[in-house]
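A.B. asks: attaching a predicted model along with its sequence, questions to come.
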Amino acid sequence: MSDHAQCESHLSGRHLLVALSGGIACYKVASLVSSLVQIGAKVDVLMTDAATQFISPLTFESLTGREVYDCQWDQGDCKTPLHIQLADQADALLIAPCTMNMLAKLAMGITNDPVTLVASAIDRSTTPVLLAPAMNVTMYSQPSTKRNIATLEADGFTILDSTEGWQACKSFGKGRLPEPKTLFEALEYCFA
Ligand SMILES: Cc1cc2nc3c(=O)[nH]c(=O)nc-3n(C[C@H](O)[C@H](O)[C@H](O)COP(=O)(O)O)c2cc1C
């Protein structure tokens, strides 16, 4: 990742939203956010309540120097609802890790947490929304997960392929969050 920090990037100067839902892979996203900040992107981090169980918002506030949007009722001093403001100003949204639950909510149009709320307010014809599913191999292979991924793809979301390998639950298989470098490159590709 330090390679990226030294380089010119299509992401420099972009306003990026990085959203976390509650999966064990949340720890990987701190490194991604640090790299994005280092190349000069403006990064706002959004978190579900479950995500805050895995990594503290304080980590991201320290890395970005910006407040984390982890409660839909906290509006700061915004006159426009914060989720609309974030959605309107963003150049891209990445949801990583994207839980099985988050996939289902997005596929159904449920908007009852900061992440789904912002995602629902983004116009995907102009602003890319990338999802990085990450979960246990059995959860990943459930028909509902496959169905939801297919629905979301048809609805214009970009799905980043999960990788195969060792999982925290001591299984081996598909469902791992791609490494931060891959997530970085997927975001860059949106503007290349
Ligand atoms: C220790 C632990 C690890 C978990 N890891 C994952 C995971 O990697 N992927 C996933 O889809 N769900 C995982 N879950 C379940 C989610 O945290 C749970 O479905 C939660 O409701 C997701 O909420 P959210 O989608 O609003 O963040 C895990 C739960 C626990 C207790």
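C.D. replies: Now that the structure is in, tell me what you want to look at.
A.B. asks: make it CA atoms for all contacts and neighbour counts henceforth
C.D. replies: Will do.
A.B. asks: what's the least confident helix or strand in this structure, going by average pLDDT?
C.D. replies: None of the helices or strands of the chain scores lower by mean pLDDT, DSSP states H and E than helix 2-6, at a mean of 50.
A.B. asks: and the next helix or strand past that helix?
C.D. replies: Next in sequence after helix 2-6, counting helices and strands by DSSP states H and E, comes strand 15-20.
A.B. asks: for the protein, what lies in contact range of the ligand?
C.D. replies: By the rule Cα under 6 Å from any ligand atom, the part of the chain lying against the ligand is 21-24, 48, 50-51, 99-102, 134-135.
A.B. asks: PyMOL command to pick out the buried ones of those?
C.D. replies: Buried residues within the residues of the chain next to the ligand, by 16 or more other Cα atoms under 10 Å, are selected in PyMOL with:
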select buried, resi 21+22+23+24+48+51+99+100+102+134+135
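A.B. asks: want to try JSON lines for the residues of the chain next to the ligand, with distance to T64 and pLDDT as columns?
C.D. replies: Converted to JSON lines, those look like this (distance: Cα to Cα, whole Å; pLDDT from 0 to 100):
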{"residue": "S21", "distance to T64": "18", "pLDDT": "98"}
{"residue": "G22", "distance to T64": "20", "pLDDT": "98"}
{"residue": "G23", "distance to T64": "21", "pLDDT": "97"}
{"residue": "I24", "distance to T64": "21", "pLDDT": "96"}
{"residue": "T48", "distance to T64": "18", "pLDDT": "98"}
{"residue": "A50", "distance to T64": "21", "pLDDT": "98"}
{"residue": "A51", "distance to T64": "17", "pLDDT": "98"}
{"residue": "T99", "distance to T64": "23", "pLDDT": "98"}
{"residue": "M100", "distance to T64": "27", "pLDDT": "98"}
{"residue": "N101", "distance to T64": "27", "pLDDT": "98"}
{"residue": "M102", "distance to T64": "24", "pLDDT": "98"}
{"residue": "A134", "distance to T64": "24", "pLDDT": "98"}
{"residue": "M135", "distance to T64": "26", "pLDDT": "97"}
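A.B. asks: filter the residues of the chain next to the ligand down to the ones in strands?
C.D. replies: Judged by DSSP state E, strands contain none of the residues of the chain next to the ligand.
A.B. asks: tell me which two in the residues of the chain next to the ligand are the farthest apart.
C.D. replies: Farthest pair in these (Cα to Cα) is T48 and M135. Separation: 15.9 Å.
A.B. asks: pLDDT weak spots in the chain?
C.D. replies: Within the chain, the ranges that satisfy pLDDT under 70 run 1-7.
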